Structures are given as C-alpha cells and as structure tokens.
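Chemist: Sequence plus the predicted model coming up.
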Amino acid sequence: MNEQPATGALYTKRTHAALRIIGKDVDPAEVSYIFGVQPTRARLVEVEAASVNLSFWSLSSEGHIDSSSLEEHIDWVLRQIELRLVKLEGYLNQVNAYADVFCFWESAVGHGGPTLSANLLGRLAGYNLHLTLDIYFRDEAHEEVLDPN
C-alpha cells in the first residue's frame, strides 16, 4: 500500500508533542528513572489539599526538533523512551495513572490538520497510549494563538 503524503505539514504554523504521565501518585523522579531521561516539565503534588491534586511527568518535542510535521514530533518523543515503554503499563497500573501523547497543532492558513500514518498510530496503540489533539485555527481578529503549554 502506498503511503499518503504528509500534507498536514503544509498547513502548519506551529506544532509539538509531549508524552504525559498523569496521576495522583505519580512520582516524577521514579518516572525519570524508569525512562532514563529527564522531563521537560514535571510536578509532584505532596499535599492532599493542593488545588490541583495530580502529579505529572512530561517529555516534549518543543525546542528539540525543527519540523512542521506533527508526525515527526510524536516520533521524536517515542524514540526517546521507546525501548523502555514496555515498563510503562505496569507503572501506570501500580500508581493508578494514565498516559497520553498530547499534541499541539496550529494552522497557518485557517484550515487543514495534521496527518498521522497508520504506522505511527499502530506504535501508539501498541503501547496503549492515548492521543490528545489540541488544534487551533487562526482567527483574523487575533494575531496569535496562545499555546496552552
């Protein structure tokens, strides 16, 4: 079967992807040890009464690769930890947490969207990773879309 061309990159202004591990009992230091890499963002909630009671560990492609292809950003994230992803499901079950690949994508032209290959989607499914898409279309009334990260 022929591969579909990655036309989504033609419509992209900005994009990046991040593996997120989120849960009440997530220990960012332990996740870093499991994966052998430091997060780009992390938070450890130590007080039960905190207004946000979820800890998290996140590894983002932002600033690490220069590409308008969301697929390349997701691939970069997976390649950083893929050999150790087999340990992820056990850890998630142990601490009652969840993981996803969070994707930010901003249109350069007001329409379009990212294209992801069946191969990449299969890799995500193989590790039971959810895919979260945060998509923004340019509004003529506003100069810039604010990135939620």
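Modeler: Ah, there it is.

Chemist: can we go C-alpha only for contacts and neighbour counts from here?
Modeler: OK.

Chemist: Tell me if Asp66 really is in a helix.
Modeler: No. Under DSSP: H, G, I helix; E, B strand; the rest coil, Asp66 falls outside any helix and is assigned coil.

Chemist: His73 touches Ser67, doesn't it?
Modeler: Yes. His73 lies in contact with Ser67 (Cα atoms under 8 Å); the separation is 7.3 Å.

Chemist: quick one: which of these two has more around it?
Modeler: His73 (23 against 16; other Cα atoms under 10 Å).

Chemist: contacting residues around that one?
Modeler: By Cα atoms under 8 Å, 6 or more residues apart in numbering, His73 lies in contact with Thr15, His16, Ala17, Ser61, Ile65, Ser67.

Chemist: Can you select the buried ones from those residues in PyMOL?
Modeler: Remark: buried members of the contacts of His73, expressed as a PyMOL selection using 16 or more other Cα atoms under 10 Å:
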select buried, resi 15+16+17+61+67
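
Chemist: which one's the longest strand in this protein?
Modeler: In the chain, assigned by DSSP state E, the strand with the most residues is strand 12-23.

Chemist: what about that strand, average pLDDT?
Modeler: In this model, strand 12-23 has a mean pLDDT of 95.

Chemist: Against which helices or strands is it packed?
Modeler: Helices and strands touching strand 12-23, by 3 or more Cα pairs under 8 Å, 6 or more residues apart in numbering; DSSP states H and E, are strand 55-60, helix 70-81, strand 98-107.
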